Structures are given as C-alpha cells and as structure tokens.
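Visitor: structure of the sequence below:
(chains A and B)
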Amino acid sequence: MTLHVTNTLSGEQEVFEPQDPDSVLLYYCGLTVSDYAHLGHARSWVHVDVMHRWLEHLGYDVRHVENFTDVNEKIVARVGEDDLGDTEDEVARTFISEVIEDMRSLNLRRAEVYPRVSEHVPEIVDLVETLVEKGYAYESNESVYFDVTKFEEYGKLSNQNIEEMEAQGEEDERSEKRNPADFALWKAGAAHPDDVSERRSEDSETESRQSPAGGQTWDSPWGEGRPGWHIECSAMSMTHLGETLDVHVGGQDLVFPHHENEIAQSEAATGHQFANYWLHVRLLETGGEKMSSSLQNYFTVRNAVSEFGSESIRTFLLSTAYNNRQTYSEETLNEAVERWERLERGYDRAVETADSADARTKVEDDALRTAVAETRETFADAMNDDFNTREAITALLELVSAVNKHVDARDEYDYRALSDAVETFEGLGEGVLGLALTGDGEGDVRLLDELVELVLDVREKERDAGNYDRADDLRDELAALGIEVQDTDEGASFRVE
RNA sequence: GCCAAGGUGGCAGAGUCCGGCCGAACGCAGCGGCCUGCAGAGCCGCCCAUCGCCGGUUCAAAUCCGGCCCUUGGCUCCA
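Guide: Residues are numbered from 1 along each chain as shown, chains lettered A, B, ... in the order given. The predicted structure is shown next:
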C-alpha cells in the first residue's frame, strides 16, 4: 500500500507523489509568538512530527520548514509586560525560545529551518513588488492590497465565493480596499497594540500597564511599514523550498483566509501551483469548543508535559487521527496515560524476557511470531492510510497483548520472536511515533537500579520471614518516590514512573 | 446566512473513500474469575451499540443515494 493523504484542495484522498521521488518539501504554518503554546498547538506539532518521521521511514529525504511569525500586533500588545521584553522583537524572541523549549519537551524532530518574518522582509518586499508589477496588487494610502478579483481561482481551497464574502481586516483598512475580500500584503506604519481583537484589548485595559510603543517597521517602495500576515508564508516557503511545495500543513482554522490568500498571492506571482497537497490538522476541542488562547480554555504544553509526561501527551494527541477533531478532557487524557503505560510495560516486559531467554533456544511461538508480522503490516497500512495514528497505536497494543500472553503462558521463551517484537516497538513506537520507550539509559539509571534492587532484597527477606507489614511499608515508601513495585513469579520487579 | 467537516456503547474512538471478514476494533471506566500473603501488573470472561432521524437502492448498508434534525470549525487574530 502506498501513502494516501486527504488533500483539502480536492477534498479527497489522493495517492501521495512528491515532485522528486526521493524527497519531500514540507512547509508547516507555525505560531505567532505572542503567548505560550497550548495543547492545541502541540497537537499540530506532534502530527506534523509523525508525518515527517513516517515519510523518512518510507525513504524520503524530508525538507521540513516551519516559520515563526514574529511581527504582529498581538506581540506588540505584550511589550513591557512582566519580563517579556521592551520591544516587539524582544518579546518575540522570548516566546520563540519558550516555544522551542516546549517543542523539545515533546521530542519533536527539528525542522531544517525556522524562518522568521523579521528576517525575510527583503524577500517579502520583492514578492509584493512582483505582484504590483503583474497587476494583482495595488497601492492605497501607503499600504498594498491584493485584488482578489484579479485571481480567477480565488476561493478554490475553501470554496468561498467572493461575492458573498464579508470584509476582512480592520476598520480603517476597509475604506482603502477596492473589494471587501482584498487583503493586505504590506501595511503602512507600525503595528499598534490597539489593533488586537476587542476581547484582548478589554482585558488589557484592566491591567493598566504603560501604553507601549508600536512595533517594528521597515523601508519599502511604499514608505515605512510592515508585512501583511499572509505574504510571509509565501515568501519564506519560496525562499527555503522553492515555488512549489509538496506538502503544506496547518491548522484547520487557517484554511480561510490565510491559506487561501497564500495560494492567491503565490500562484499569481509565480504562475505555478503553490502546494500540491494541503493537509489540515483538525482542532482540539474541550467542553464542545476549540481550545484557544482567546477563549481562555487552554492547557499549556509545559503544564501538560510536566504533569503527565511527554509520552502520555504524545500518546494522547496521536490517539485521534490528525484529520479528525479531538476531545480534550481529564478523562480522555487519563485514558491516554493508561494506553501509554500499557505500551511501555509491554515493551519493558519484552526486553526483560528476551534478555532472560536463551538465544540458542529452539522454542517457537507461532502466535507471537504472527503477531509481530501483523503488527508491522497493520501499522504500515494505518500510516499509509492518511497517517492513521490511532490505528498505528492500536497495532502496537495488539503486540503488547501477544507478548503478555507469551510470557504468561510459558516457561521457555521464543528468543527470536521476542527480539523481533522489541525491534518493532523501538522502530515503530519510538522511531515513528516518537514515544521514548528505551528511556534515558544514562549512568544514574544504573545506580538507581542497583539501589532499588537492594531495597527489594531487604523487602524479600521481610516477606520470607512473614513480616508483611514491614514489606508493605517498604513498597509504600518506594511508591511515594515514584517507584512502582510488582511481585511476580520470578521475584519482585519495579518501574520508575 | 454562506462554506467545510462530523453525528458509532457510560466515556473515548477506529471502521465510512473501495457495501459482505462489523453479530462493530483498540482502550478507559464498571463487574466476575485466574494468579497473589495483600496490592498492582498480566491473563480469561462479562457488561454497554436498533452505528442521529426518515425513506430509497441492493441478495447484502455503519458503509451507497435523497430529505430532515443536531454539533463543530471557518467567514474576525488563531495550530
């Protein structure tokens, strides 16, 4: 089975074929860095990360570019707040480093480049000039707008109808535009904090902080100003990946107007298709509405990771395929924790049992061998079917069951089958889904192991002597330290939570 | 209002593109049992589904067609 993806452009599932059979040009619409990232953002990141990993697994060289929008009135609105920074640029840098830390905590594979708007203004100006020269854009009062009526295919991504469209942009902008749906490529002057949405400005009034200065501006043929929102992605993706992308990924909430406008300005400028496959990650919902900063219903990535751990969070986010919306609640997150722990225990058990098995054994367990083969096949089919990560995790959990049955039912173990199972968990669970099964494995861990074993030996002696109260005390004390003790036929074992 | 995506057990969520293996997966919660000094983990079993509603096509529909109801997202900054 070859990889199939749902393309928003056609609304259908298509066979995936990059322009160059050996590599994939992938662009992901990143964050506007005006706040900490929440689980909704993490959902997109993790799914893009797994797409990246799966494409590599299929043998492609993935060129992954992910931008940071560091010029925006929401950033300006936070200038002077706490220790965030005294200028738009400083605030943006503060959040970029925070966001990158969040990404690292989620074990995301790094993109090749993380371009920033402020570093691509010359390319943006060039692109806007091209659009003006070609007659797709016009200057108005030192700003430049894209004339949507000049681009015949406008609306092809989101099926919008220009005639029925309401005006976009801010109040004073509208009077400068020829058509209500025209959008700004270049904005005169600096971003002002008052330009942010009403909800936010109402909030900030109560905080009574100094009214900060405006944001950054740059010279341009039309005067001092700054780039419009949509043009940045066109300019940055073209700079780093060329005129036609293989895959463009972003949140579902960006389909219109952002992605629609990217297509219009890019294709108008180059005359070529901007992106062959548009993939949209559906949103994370909680309490029946999307998780978002403006609705104040979010759970930050850092809080989520520190409370539940990176692996549980990744398992949670991957437990619903990217193109379906996901429900966040205490219960759904809890379920993911259980799923992850079951997977981890299964993996550990496979490793420990394989280690104890005789490598020259003649023992063969057909059920386990079949399960390994089926897991690999099911996993690949699931991923090739539009990155169905839910099914992929399910396949690994089926293998956990097979391992458990094998170990429970036998005294002699099938070494080869267990090693294959371990390899499958590591290659697919850790390699593709990015779930760290093999752990740190650093020096401290060995010492920890030895110390815990020592305590368990003492506890074993107490048990042999019938001093169960003292044995239970030791178990409780270890549990309080996050070390879970499990008694088995082969003696006590433990795992660190 | 317009555009798009959905409605499957207590929860969550696959399956819907390519109708039959779906008498509906995996898991969480709940209930029995095995194992165990106890607990946990694991194993076995059970529980809960007229697959939004109505009609149609078909030997056969969760899956195809039509109508209706409801939800979410977008149309304003937004992953």
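Visitor: mind listing what A:Asn161 touches?
Guide: Contacts for A:Asn161 (CB atoms under 8 Å, 6 or more residues apart in numbering) come out as A:Gly155. Any C-beta I mention is one placed from the backbone N, CA and C, and that applies to glycine too.
Visitor: for A:Gln252, grab the count of nearby residues.
Guide: By the criterion of other CB atoms under 10 Å, A:Gln252 has 15 neighbours.
Visitor: residues touching it, list them.
Guide: A:His280, A:Val281, A:Arg282, A:Leu283.
Visitor: so, low pLDDT: which residues of chain A?
Guide: Along chain A, the parts satisfying pLDDT under 70 run over A:195-213, A:440-447.
Visitor: now with 50?
Guide: Scanning chain A for pLDDT under 50 picks out A:198-211, A:441-443.
Visitor: follow-up on the earlier one: so which of the contacts of A:Gln252 wins on neighbours?
Guide: A:Val281 (27 neighbours).
Visitor: which residue, other than its chain neighbours, is closest to that one?
Guide: Leaving aside its chain neighbours, A:Val281 sits nearest to A:Ser44 (4.5 Å; criterion: CB to CB, 6 or more residues apart in numbering).
Visitor: surely the one you found and A:Leu279 touch.
Guide: No. Look at A:Ser44 against A:Leu279 with CB atoms under 8 Å: they stay out of range, at 10.3 Å.
Visitor: so what's the residue count around the residue of the stretch 51-200 of chain A found nearest RNA strand B?
Guide: Going by CB to the nearest atom of the strand, RNA strand B is nearest to A:Asn159 of the stretch 51-200 of chain A, at 3.4 Å. A count of neighbours around A:Asn159, defined by other CB under 10 Å, yields 10.
Visitor: got it, and A:Leu185?
Guide: Other residues near A:Leu185 come to 29 when the count uses other CB under 10 Å.
Visitor: same check on the one 3 residues further on?
Guide: The burial count assigned to A:Ala188 is 20, neighbours taken as other CB under 10 Å.
Visitor: grab the nearest non-local neighbour of it.
Guide: Spatial nearest neighbour of A:Ala188, excluding adjacent residues (CB to CB, 6+ apart): A:Glu142 at 3.7 Å.
Visitor: I'd say that neighbour and A:Asp219 touch.
Guide: No. Between A:Glu142 and A:Asp219 there is no contact, the gap being 11.9 Å when judged by CB under 8 Å.
Visitor: for the residue nearest to A:Ala188, give me its contacts.
Guide: A:Glu142 is in contact with A:Ala188, A:Gly189, A:Trp222, A:Gly223, A:Gly225, counting by CB under 8 Å, 6+ apart.
Visitor: also A:Val128?
Guide: A:Ala137, A:Val144, A:Leu185, A:Trp186, A:Ser220, A:Ile231.
Visitor: inside strands: which ones of those residues?
Guide: If you go by DSSP state E, the contacts of A:Val128 have A:Ala137, A:Val144, A:Leu185, A:Trp186 in strands.
Visitor: the host helix or strand of A:Glu307: what's the following helix or strand?
Guide: Following DSSP states H and E, one finds A:Glu307 within helix A:301-308. Following helix A:301-308 in sequence order, the next helix or strand is helix A:310-318 (DSSP H and E).
Visitor: how far off centre is that next one?
Guide: Computed by CA atoms, centre = their mean, to the nearest Å, the chain-centroid distance of helix A:310-318 equals 11 Å.
Visitor: and the next helix or strand past it?
Guide: strand A:326-327.
Visitor: other SSEs contacting that following strand?
Guide: Other elements packing on strand A:326-327 under the criterion 3 or more CB pairs under 8 Å, 6 or more residues apart in numbering; DSSP states H and E are strand A:284-286.
Visitor: what pairs with the helix or strand following the strand it packs on, parallel or antiparallel?
Guide: Sequence order places strand A:289-290 as the next helix or strand after strand A:284-286, per DSSP H and E. Counting by DSSP bridges, the strands paired with strand A:289-290 are strand A:284-286 (antiparallel).
Visitor: hey, where'd the helices end up in the stretch 101-250 of chain A?
Guide: A:121-133, A:171-174, A:198-205, A:231-241 (DSSP state H, counting those that start in this stretch).
Visitor: quick one: A:Ala264 and A:Phe146 touch, right?
Guide: Yes. Between A:Ala264 and A:Phe146 there is a contact at 6.3 Å, judged by CB under 8 Å.
Visitor: looking at the contacts of A:Val128, which is nearest A:Val458?
Guide: Distance to A:Val458 across the contacts of A:Val128 (CB to CB) is lowest for A:Ile231, with 67.9 Å.
Visitor: what separation do you get for that closest one and A:Val117?
Guide: Per CB to CB, to the nearest Å, A:Ile231 is found 9 Å from A:Val117.
Visitor: name the residues contacting each of these two.
Guide: Jointly contacting A:Ile231 and A:Val117 under the rule CB under 8 Å, 6+ apart are A:Ile124.
Visitor: more neighbours: the two, which one.
Guide: Set side by side, A:Ile231 and A:Val117 show more neighbours around A:Ile231, with 29 against 24, by other CB under 10 Å.
Visitor: which helix runs longest in chain A?
Guide: In chain A, with assignment by DSSP state H, the single longest helix is helix A:330-356.
Visitor: check the offset of it from the chain's centre.
Guide: 22 Å.
Visitor: how about that helix and RNA strand B, any contact?
Guide: Yes. Under the criterion of CB under 7 Å from any atom of the strand, helix A:330-356 makes contact with RNA strand B via A:Glu331, A:Thr332, A:Asn334, A:Glu335, A:Glu338, A:Arg339, A:Arg342, A:Arg345.
Visitor: just the buried members of those?
Guide: Using 16 or more other CB atoms under 10 Å as the burial test, the residues of helix A:330-356 next to RNA strand B include A:Arg339, A:Arg342, A:Arg345 as buried.
Visitor: report the residue ranges of every domain in chain A.
Guide: According to automatic domain parsing, chain A comprises the domains A:4-281, A:329-432, A:443-496.
Visitor: make a markdown table out of the ones you listed and add distance to A:Thr315.
Guide: Compiled in a markdown table, the domains of chain A are given as follows (distance: least, CB to CB, whole Å):
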| stretch | distance to A:Thr315 |
| --- | --- |
| domain A:4-281 | 10 |
| domain A:329-432 | 4 |
| domain A:443-496 | 17 |
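Visitor: of all the residues in the stretch 351-497 of chain A, which one is nearest RNA strand B?
Guide: Closest contact between the stretch 351-497 of chain A and RNA strand B, by CB to the nearest atom of the strand, is at A:Gln486 (2.7 Å).
Visitor: for that residue, pull up the helix or strand it's in.
Guide: In this structure, A:Gln486 is located in strand A:483-488 according to DSSP H and E.
Visitor: what's the end-to-end length of stretch A:53-63?
Guide: 11 Å (CA to CA, to the nearest Å).
Visitor: for that stretch, buried residues please.
Guide: Residues of stretch A:53-63 classed as buried: A:Arg53, A:Trp54, A:Leu55, A:Glu56, A:Tyr60, A:Val62, A:Arg63 (neighbour count, 16+ other CB under 10 Å).
Visitor: quick check: the farthest pair among the residues you listed?
Guide: Top of the distance list for those (CB to CB): A:Trp54 and A:Arg63, 15.3 Å.
Visitor: what about the spatially closest residue to A:Asp414 that is not a sequence neighbour, how many residues nearby?
Guide: Nearest residue to A:Asp414, sequence neighbours excluded (CB to CB, 6+ apart): A:Asp365, at 4.3 Å. Close neighbours of A:Asp365, defined as other CB under 10 Å, add up to 19.
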